[in-house]
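*Asks:* Quick one, fold the following:
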Amino acid sequence: MKVMFSKISLLLMAAMLLLSGCGAAGSTNGVNTVGAQADSGSAASSEPSVSPAAGETEAKKLQVVTTFYPMYEFSKQVGGEYADVTALIPAGTEPHDWEPSAKDMAVLKEADVFVYNGIVEGWAEQALDSAANEKRIVVEASSSIELAEGGEDEHSHGEEAHGAASDADAEADTDAEHDYDHAAEHEEAAHGEEGHDHAHEHSLDPHVWLSPKLAQAEVAAIQEAFAKADPAHADNYKANADAYITKLQELDEAYKTGLAGVKRTEFVTQHAAFGYLAREYGLTQVPISGLSPDQEPSPEQMAEIVKLAKEQQIKTIFFETLVDPKIASTIASEIGAKTAVLNPLEGLTEEEAADGLDYIGVMKNNLEALKLALNE
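*Replies:* The predicted structure is shown next:
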């Protein structure tokens, strides 16, 4: 942690040199990302702050900086025409091990609102402390959700996997009241004693955005923060959020209907990203890796997964678009199964963006992939 803090402090010093001259954001794969404009050499950039003389209309928009794709998409849906939304983590980048550059720190310092999921972005709180801005509102979008345990114990794929796998041991509080207080506070409150217990964070599952029901709570948290930062457009943010939440409710219903009465409930995934989705719809996730795709399984764990897959006659092993599918392919080859994509939506690929896919589109693709695999 000390090493990360020192690195972020150095980045902030470098960021101060960039504030007056760097291109802040550009469009990469349909997502506004930091630095893409500067790298392309184009003169048309979206700066974190615009002088009234250069663009008075743009200066009135809420300047929102987000971390990775779901936070970007939810913020764009809520902000609409009243917010300029930028993603720090470039499209096509796996977010678990990403760290901010000096240019990212410069943009973060100038943001009106910063939106992050929580836990995935291990660098966030130190970056916020270093790039201090007392007027900035910080949204930890998952703060109102009771996070479930997950991780290494999910590799116990023996008897637990046949019934309630380890990722079903802790229930997500999907019907909890939307307690938004510390998520919409200024960053001093947002990162005080009310935050997640850092000593415990490594074992908590952050992938709440993959549950259409829990995603609604994240959208609501973002909406309340935008309304606080820009009261003049509070009604617009509320209307946008309500419209998008309606779409998420329809997606939730599609999952309930589509996964009702499937032939089997176990599915093998590349890493433990689908615990909330599995619990919500009565399924059992069998992850090859832990909460991060970098957590490779041991030979013993691989053997357990192969044994379970054979016993359950699993015919599809799911892999991800942003992670090397080598291990998933190895298991599939071992049991004579095929591979298919189950997307954890941690970023869009170039192909997905070119196809016009967004959060709801990818989640619908995930639903179709699950229906096929669970009815084989």
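*Asks:* Give me the below-cutoff pLDDT ranges for the stretch 51-200 of the chain.
*Replies:* Filtered on pLDDT under 70, the stretch 51-200 of the chain yields the residue ranges 51-59, 151-200.
*Asks:* All the strands of it, residue numbers only.
*Replies:* 62-66, 83-87, 113-116, 137-140 (DSSP state E, counting those that start in this stretch).
*Asks:* would you list these in a markdown table and tack on distance to residue 296 and mean neighbour count?
*Replies:* Every residue, glycine included, has its C-beta placed from N, CA and C. Shown next, in a markdown table, are the strands of the stretch 51-200 of the chain (distance: least, CB to CB, whole Å; neighbours: other CB atoms under 10 Å):
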| stretch | distance to residue 296 | mean neighbour count |
| --- | --- | --- |
| strand 62-66 | 29 | 27 |
| strand 83-87 | 28 | 25 |
| strand 113-116 | 26 | 26 |
| strand 137-140 | 29 | 27 |
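*Asks:* closest to residue 342 out of the ones you listed?
*Replies:* When the strands of the stretch 51-200 of the chain are compared by CB to CB, strand 83-87 sits nearest residue 342, at 22.4 Å.
*Asks:* Packing partners of that closest one?
*Replies:* In terms of contact count using 3 or more CB pairs under 8 Å, 6 or more residues apart in numbering; DSSP states H and E, strand 83-87 is assigned the packing partners strand 31-34, strand 62-66, helix 69-79.
*Asks:* Reformat those as JSON lines; add distance to residue 279.
*Replies:* Converted to JSON lines, these look like this (distance: least, CB to CB, whole Å):
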{"stretch": "strand 31-34", "distance to residue 279": "29"}
{"stretch": "strand 62-66", "distance to residue 279": "26"}
{"stretch": "helix 69-79", "distance to residue 279": "18"}
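*Asks:* if we can go back for a sec, quick one: closest of the strands of the stretch 51-200 of the chain to residue 368.
*Replies:* Closest among the strands of the stretch 51-200 of the chain, using CB to CB: strand 83-87, at 26.4 Å.
*Asks:* and that closest one, C-alpha only, in CSV?
*Replies:* In CSV, the C-alpha atoms belonging to strand 83-87 read as follows (Å, rounded to 0.1, in the frame of the first residue of the first chain):
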residue,chain,number,x,y,z
ALA,A,83,-23.1,15.6,-18.4
ASP,A,84,-19.8,15.0,-20.1
VAL,A,85,-18.8,11.5,-19.0
THR,A,86,-15.2,10.1,-19.3
ALA,A,87,-13.9,6.6,-18.5
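*Asks:* angle of it against helix 69-79?
*Replies:* Strand 83-87 and helix 69-79 are oriented at 180 degrees to each other (axes from the mean of the first three to the mean of the last three CA atoms, to 10 degrees).
*Asks:* Let me see the contact set for residue 74.
*Replies:* Listed by CB atoms under 8 Å, 6 or more residues apart in numbering, the contact partners of residue 74 are 115, 141, 209, 215, 218, 219, 222, 244, 359.
*Asks:* Quick one: neighbours of residue 321, just the number.
*Replies:* Using other CB atoms under 10 Å, residue 321 has 20 neighbouring residues.
*Asks:* residues near residue 303, how many?
*Replies:* 13.
*Asks:* likewise residue 205?
*Replies:* Other residues within reach of residue 205, judged by other CB under 10 Å, total 23.
*Asks:* next one: residue 215
*Replies:* Neighbours of residue 215 under the rule other CB under 10 Å: 27.
*Asks:* Surely it and residue 221 touch.
*Replies:* No: if you go by CB atoms under 8 Å, residue 215 and residue 221 don't touch, sitting 10.7 Å apart.
*Asks:* CA atoms only for stretch 126-139 - export them in PDB, please.
*Replies:* The C-alpha trace of stretch 126-139 is given here as PDB (Å, rounded to 0.1, in the frame of the first residue of the first chain):
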ATOM      1  CA  GLN A 126      -5.400   6.900  -2.500                       C
ATOM      2  CA  ALA A 127      -5.800   8.600  -5.900                       C
ATOM      3  CA  LEU A 128      -8.700  10.700  -4.600                       C
ATOM      4  CA  ASP A 129      -6.600  11.700  -1.500                       C
ATOM      5  CA  SER A 130      -3.700  12.700  -3.700                       C
ATOM      6  CA  ALA A 131      -5.800  14.500  -6.400                       C
ATOM      7  CA  ALA A 132      -7.800  16.300  -3.700                       C
ATOM      8  CA  ASN A 133     -10.700  18.500  -4.700                       C
ATOM      9  CA  GLU A 134     -13.100  19.400  -1.800                       C
ATOM     10  CA  LYS A 135     -15.900  20.300  -4.200                       C
ATOM     11  CA  ARG A 136     -15.800  16.900  -6.000                       C
ATOM     12  CA  ILE A 137     -18.600  14.500  -5.200                       C
ATOM     13  CA  VAL A 138     -17.600  10.800  -5.000                       C
ATOM     14  CA  VAL A 139     -19.900   7.900  -5.800                       C
END
